[in-house]
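[1] Sequence first, predicted model second:
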Amino acid sequence: MTDEEEGAHGGPGAKKSKRKESAADRPSTIRDVAAKAGVSVATVSRTLAGNYPVSAETRARVMTAVDSLHYVVNVHAKALSGRVAGPIALVIKDITGPSLAHVAAGVEEEAGSRGRLSLVCSTKGDTKREDDLVQLMREQHAAAVILVGGAVPDDAYHRRMAGYAKALDSAGSRLVLCGRPPLPKGVPATVVDYDNRGGAFQATAHLLTSGHRRVLFLGGAPGFSSADERRLGYQDALRAHSTPHDEGLDTSGEYTRKSGYLRTREALRAGAEFTAVFAGSDMVALGALAALREAGLHVPRDVSLVGFDDVPFAPDLTPALTTVRVPYEELGRTAVRLALEREVGFTSDDHVVLSTQLVIRDSVRRAR
C-alpha cells in the first residue's frame, strides 16, 4: 500500500495529512508574524499599535510579514485591554428615513475623520431592542452611543435614559441624545438638538406675512418632543401676527406621506377654509401636495405649501418646496465631536442646540 493509499484508508498518513491541513488553515497569530519577521512578539505588538518608536526597517519587516500571512488584529481583545479606540454606535428607529439617514452620514463622516469605526443599529421603535443594543454597545466598549429620534419625555423615558447614561459612563462610554428631550442636570449625557420651535415659527410667519390667515397645520403626534415644539412654533407665529388659533386647522398625525394625504383630503372634504398648509415634515407635505392636486387645486396658485426638514427631493418637486432646513448631517458630526472631545478630557457643552433655516422656493405665493 502506498503512502497515498494508506492515508486514504485512515492510516498514519491520514493523521499526518490532517495535522498539516489544520495548521495551514488556522488563522495566523502574532507569534507567526514575529517568527516570520525575525523579531519579538512585543516588537510586533508595538509596531501595530503605533505607540512606541520602531525603526523603519523593523516596521517594514513586520508589515511585510503581516501582509504575507494575512494577519488580522484581534480588535475585540485589544478593546478589552484598552489598547484600541472604541467605535461610535448610532441607534436609530428607522434607517430608511431620509432625515435619519443624513444624521447617520454625519456620524460616519466625523467618526471616520477621527479614525473611529461607526456602527449603525435600528430599533424599529422597539424599546426592548433599544435596551439590548445599548447594553451590547457597552459590552463592546463603544466610545459613545448616540440615540436619534423624537421621544415622549415622560417619567419612563427619563428613567430609561438615566439608566443608559449611568451604565455607559461606568464603562467609560458616553450617551448622546440627538434630537431627543434633554435629561435633568447631573445625568452624564450629552444632548445635541435643533431649533424645532424657531423653525416652525419661521415657516408659519412666512405664510402669514404673505397674507395668509387660514393656515392648515399638519403637525406630528402629540407628546413627542419635536412635534410639540413645532406646534408651539406654529402657535407662537399666529399670536405674533394677531391671528386667531383655529383648532379645526390644527391637526395631529404621523410624519408620513399617507398621513399628510389623508389629513389634507379630510380637511377639504369637511369644507375647511384655508389658503395655505404648513406640513410638519416634507414627507407630510408630499402627501398634502398629492391631495391638493387630486382635488383640482394648484400649488401655489390656489394653496401655498411649506414643509419642514429640507430633504433631498424638496427642491425637485413641482413646485420646488419652501421648507425649513434642519442641519441633520451637522447634528451627527456634532454628536461625535462632543463625545470624543469629552473622552480625551476637553470640556464640552452638555446641551447644544443647532439653528434651523427657512429655505424659500416656489410653493408659496401672496394671498389674493
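    On my side now, so go ahead.
[2] quick one: contacts of stretch 354-367?
    192-196, 198-199, 202-203, 206-207, 210-213, 275-276, 299-301, 304-306, 310, 314-315, 317, 319-327, 330-331, 334 (C-beta atoms under 8 Å, 6 or more residues apart in numbering). Yep, even glycine has a C-beta here, placed from its N, CA and C like the rest.
[3] Doesn't V352 lie inside a strand?
    Yes - assessed by DSSP: H, G, I helix; E, B strand; the rest coil, V352 belongs to a strand.
[4] now the closest residue to it other than its chain neighbours, what's its secondary structure?
    Nearest residue to V352 in three dimensions, chain neighbours excluded: V192, at 5.2 Å (C-beta to C-beta, 6 or more residues apart in numbering). Classification of V192 by three-state DSSP places it in strand.
[5] S118 reaches L90, doesn't it?
    Yes - counting by C-beta atoms under 8 Å, S118 does reach L90; the two are 6.5 Å apart.
[6] Just want to know which of the two has more residues nearby.
    Under the neighbour definition other C-beta atoms under 10 Å, S118 and L90 were set side by side, and L90 has more, 30 against 20.
[7] could you measure the more buried one against S226, distance?
    Applying C-beta to C-beta, to the nearest Å, the value for L90 to S226 is 18 Å.
[8] One more: D193?
    With the distance defined as C-beta to C-beta, D193 ends up 9 Å from S226.
[9] again, but for A42
    Separation of A42 from S226 (C-beta to C-beta) stands at 53 Å.
[10] more neighbours, the two?
    Neighbour count, other C-beta under 10 Å: between A42 and S226, S226 has more, with 25 against 11.
[11] pLDDT at the closest residue to that one other than its chain neighbours, what is it?
    Spatial nearest neighbour of S226, excluding adjacent residues (C-beta to C-beta, 6+ apart): G150 at 4.3 Å. G150 is assigned a pLDDT of 82 by the prediction.
[12] The protein: strands as residue ranges?
    88-92, 118-122, 144-148, 175-178, 189-194, 215-219, 250-252, 276-279, 304-306, 323-325, 351-354, 357-359 (DSSP state E).
[13] among the ones you listed, which gets the worst mean confidence?
    Lowest mean pLDDT within these: strand 118-122, a mean of 90.
[14] that older thread, need the residues touching each of S118 and L90.
    Contacts common to S118 and L90, judged by C-beta under 8 Å, 6+ apart, are V107.
[15] the helices in this protein, which residues?
    3-8, 12-25, 30-37, 41-49, 56-69, 75-80, 98-113, 127-139, 155-170, 196-209, 225-240, 257-269, 282-294, 328-343 (DSSP state H).
[16] With respect to those, which exhibits the lowest mean confidence?
    Mean pLDDT is lowest for helix 3-8 out of the helices of the chain, coming in at a mean of 40.
[17] how many neighbours does H298 have?
    In terms of burial, H298 registers 10 neighbours under the definition other C-beta under 10 Å.
[18] likewise H70?
    If you count neighbours by other C-beta under 10 Å, H70 ends up with 8.
[19] Could you double-check that it sits in contact with S28?
    Yes - between H70 and S28 there is a contact under C-beta under 8 Å: 6.4 Å.
[20] who touches both of those two?
    The contact sets of H70 and S28 do not overlap (C-beta under 8 Å, 6+ apart).
[21] thinking again about what came up before, for P181, which of the helices of the chain is the nearest?
    helix 225-240 (4.4 Å; C-beta to C-beta).
[22] buried set for the closest one?
    225-231, 233-238 (16 or more other C-beta atoms under 10 Å).
[23] so who does the residue nearest to A143 when sequence neighbours are not counted touch?
    Distances taken as C-beta to C-beta, 6+ apart place G86 nearest to A143, at 3.8 Å, with adjacent residues excluded. The contact partners of G86, by C-beta under 8 Å, 6+ apart, come to 79, 116, 140-144, 173.
[24] Select, from these, the two members most distant in space.
    Between any two of these (C-beta to C-beta), the greatest distance is 14.1 Å, for A79 and A144.
[25] and the two? which has more neighbours close in?
    Between A79 and A144, A144 has the larger neighbour count (other C-beta under 10 Å), namely 27 against 17.
[26] R230 versus the closest residue to that one other than its chain neighbours, what's the distance?
    The shortest distance from A144 to any non-neighbouring residue, by C-beta to C-beta, 6+ apart, is to A339 (3.5 Å). Counting by C-beta to C-beta, the separation of A339 from R230 is 27 Å.
[27] cool, G86 as well?
    Going from G86 to R230 by C-beta to C-beta gives 35 Å.
[28] Okay, G38 and V352: tell me how far apart.
    From G38 to V352 the distance is 52 Å (C-beta to C-beta).
[29] between the two, who's got more neighbours?
    With neighbours defined as other C-beta under 10 Å, G38 and V352 compare such that V352 has more, 16 against 11.
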